[in-house]
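[1] Here is my input, please return the structure:
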Amino acid sequence: MRPSERPGSEEVPASGGVGAGATHSVSSARQDLIGGVLAIAFGAFILDKALGYPLGSALRMGPGFFPVVLAALIIVLGIALALGALRRRPQPPRPDIRLRPVVTISLAIVLFGLMIERYGLAPATVALVLISSLAGSRPRPWRALIVAAVTTAAVYVIFIVILQMPFAVARW
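    So this is what the prediction gives:
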């Protein structure tokens, strides 16, 4: 039995009113345009930095080869995303702006950058995940702790064990 077939249940449009679907697609188009422009800018930034390294050839790749290819891919995907958003019919914008996710995720990234040198990779990763978990409307502490533990273990295995990056795991 689908939720809409249960007694006493109704299907409610995304924003709760007539024409809500159009409003939702507007927000989606605007987000896609912003996301596309940001992806293009990020890809261009990475491309600029990567071109400072020798590229090598396809058979003998230099240290700049992979970052250049990855940056080009990010730029192409950003262009596709932005063009897809521009092809949609413009509608009035939806005034549903949530600052909490933007602030908490940004704060988490900044704190990660500040903490990794002083306290090490593990505490910085735990702080990143725990602070990021506050971005949701209903933070779930146990879920955040489990995700932090699993993410920290994965980061340790990938960066310390496999890639042998010279990060301190923990520094107190």
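[2] and the gap between the residue most central in space within the chain and residue 133?
    Taking Cα atoms, centre = their mean, the centroid of the chain lies closest to residue 105, which sits 9.1 Å from it. Taking Cβ to Cβ, to the nearest Å as the measure, residue 105 falls 10 Å from residue 133. (Each C-beta comes from the backbone N, C-alpha and C, glycine too.)
[3] coming back round to it: could you verify my assumption that the residue nearest to the centre of the chain touches residue 134?
    No. Applying Cβ atoms under 8 Å, one finds residue 105 not in contact with residue 134, separated by 9.3 Å.
[4] so residue 139, which of the three states?
    Under the three-state scheme (DSSP: H, G, I helix; E, B strand; the rest coil), residue 139 adopts coil.
[5] Contact partners for it?
    With contact taken as Cβ atoms under 8 Å, 6 or more residues apart in numbering, residue 139 is in contact with residue 133.
[6] ok, which stretches of the protein are helices?
    20-50, 65-87, 99-119, 121-132, 141-155 (DSSP state H).
[7] out of these, nearest to residue 163?
    The minimum distance between residue 163 and those falls on helix 141-155, with 10.5 Å, by Cβ to Cβ.
[8] packing partners for the lowest-mean-pLDDT helix or strand in the chain?
    Ranked by mean pLDDT, DSSP states H and E, the weakest helix or strand in the chain is helix 20-50, scoring a mean of 80. Contacts defined by 3 or more Cβ pairs under 8 Å, 6 or more residues apart in numbering; DSSP states H and E place helix 20-50 against helix 65-87.
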